[in-house]
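>>> coordinates only, sequence not included:
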């Protein structure tokens with residue numbers, strides 16, 4: 001069953017781009033990552049899903065219901081954390097949590113107390129005096145205390161210290177194990193890689209790729225690190241490989257693009273050299289292409305050590321952000 005569905009969702013703010021032709025699905029029980037740099041369109045997508053703004057065109061549904069037709073019923077079963085939390089002045093944390101529960105017509109006092117204890121949040125604090133991290137904790141409790149079936153989080157960990165971040169994701173794993181669906185918007189790739197089962201990459205308002213996390217991590221690119229090599233000699237060698245590459249097929253997506261052919265190979269077939277860096281007598285770069293040819297050519301130059309490793313997910317996704 002699909003919990004979230006968007007169909008060619010488009011939003012313009014006047015002439016400015018929000019999102020363009022965005023189509024994706026999130027299945028029941030998934031821990032789904034929505035990845036992209038700031039300004040990519042993540043918050044715009046979430047605000048349309050929640051009915052806070054209207055799309056210019058296209059459709060979105062949650063729990064099989066159009067988000068514009070029965071917003072109140074949908075929101076009763078969603079836990080939402082905005083990227084920035086603002087509260088009523090001159091209230092306490094406890095008062096704010098009760099207000100949030102009353103809006104859903106539920107008594108959440110026991111669960112709210114349990115969550116406050118786990119997140120080290122004092123319910124007697126005044127909201128006006130809360131730090132950024134504590135404001136985010138209040139948002140988390142408001143989103144979790146009524147135990148909804150769907151959680152939609154927009155950059156939820158900003159401002160949280162590492163220990164509270166760990167506790168927060170422990171809570172999410174528990175809720176996910178109980179059957180809840182989690183939609184996590186983030187630009188922190190390590191969070192998505194560690195906790196999500198599937199993810200979509202959004203770039204400049206459009207879905208660049210979507211797939212299982214294990215699938216997204218697959219690539220025939222390698223991180224090459226050479227110690228004791230001459231930088232200019234390596235640059236000339238790589239340029240020669242580029243010049244002799246006669247394969248004219250355009251590079252495929254590193255990830256699984258929803259519009260690509262099923263047999264498209266990750267990271268393409270042509271030679272691609274990225275992220276060339278030098279430091280402390282070491283040269284390192286990402287190499288995609290004929291690794292045997294590279295090794296044959298490296299055999300004719302001088303260096304003291306070489307390592308060949310898989311790139312991490314952050315390096316793979318930077319291919320789309322650039």
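Received, thanks. Keep in mind the model is a prediction, meaning the values are calculated, not measured.

>>> only C-alpha atoms from now on, for both contacts and neighbour counts.
Noted.

>>> distance check, residue 170 against residue 163.
The span separating residue 170 from residue 163 equals 11 Å under the rule C-alpha to C-alpha, to the nearest Å.

>>> which one of those two has more residues nearby?
Of the pair residue 170 and residue 163, residue 170 is the one with more neighbours under other C-alpha atoms under 10 Å, namely 13 against 9.

>>> sec struct for that one, please.
helix (DSSP: H, G, I helix; E, B strand; the rest coil).

>>> residue contacts, it?
With contacts defined as C-alpha atoms under 8 Å, 6 or more residues apart in numbering, residue 170 has no neighbours.

>>> quick one: pLDDT of it?
Residue 170 is assigned a predicted lDDT (pLDDT) of 97.

>>> do residue 252 as well
pLDDT at residue 252 comes out at 41.

>>> repeat for residue 68
pLDDT, the model's per-residue confidence, is 78 for residue 68.

>>> just say helix, strand or coil for it.
Remark: residue 68 carries the secondary structure label coil [criterion: three-state DSSP].

>>> and it, what is it in contact with?
For residue 68, the contacting residues are 51, 54, by C-alpha under 8 Å, 6+ apart.

>>> for residue 43, see how far away it is.
Distance check for residue 68 against residue 43: by C-alpha to C-alpha, it reads 17 Å.

>>> and what of residue 93?
If you measure residue 93 against residue 43 using C-alpha to C-alpha, the figure is 25 Å.

>>> and residue 190, by the same measure?
According to C-alpha to C-alpha, residue 190 and residue 43 sit 20 Å apart.

>>> who's more crowded, the two?
Counted by other C-alpha under 10 Å, residue 190 and residue 43 do not tie: residue 43 has more neighbours, with 20 against 13.

>>> okay, and the beta partners of residue 151?
The residues listed as beta-bridge partners of residue 151 by DSSP bridges are residue 79, residue 182.

>>> just give me the neighbour total for it.
The local packing count at residue 151 equals 22, with neighbours defined by other C-alpha under 10 Å.

>>> list the contacts of it.
Residue 151 touches 78-80, 143, 180-183, counting by C-alpha under 8 Å, 6+ apart.

>>> so which of the residues you listed comes closest to residue 62?
Top of the list for closeness to residue 62, among those and by C-alpha to C-alpha, is residue 78 at 9.7 Å.

>>> for that closest one, give its distance to residue 145.
According to C-alpha to C-alpha, residue 78 stands 11 Å off from residue 145.

>>> repeat for residue 200
The span separating residue 200 from residue 145 equals 28 Å under the rule C-alpha to C-alpha.

>>> more neighbours: the two, which one.
A count of neighbours by other C-alpha under 10 Å puts residue 200 above the other of residue 200 and residue 145, at 26 against 23.

>>> leaving out chain neighbours, which residue sits closest to the more buried one?
When the adjacent residues along the chain are set aside, residue 200 lies closest to residue 210, with 4.1 Å between them (C-alpha to C-alpha, 6 or more residues apart in numbering).

>>> that neighbour against residue 201, yeah?
Yes: using C-alpha atoms under 8 Å as the test, residue 210 is close enough to residue 201 to be in contact (6.2 Å).
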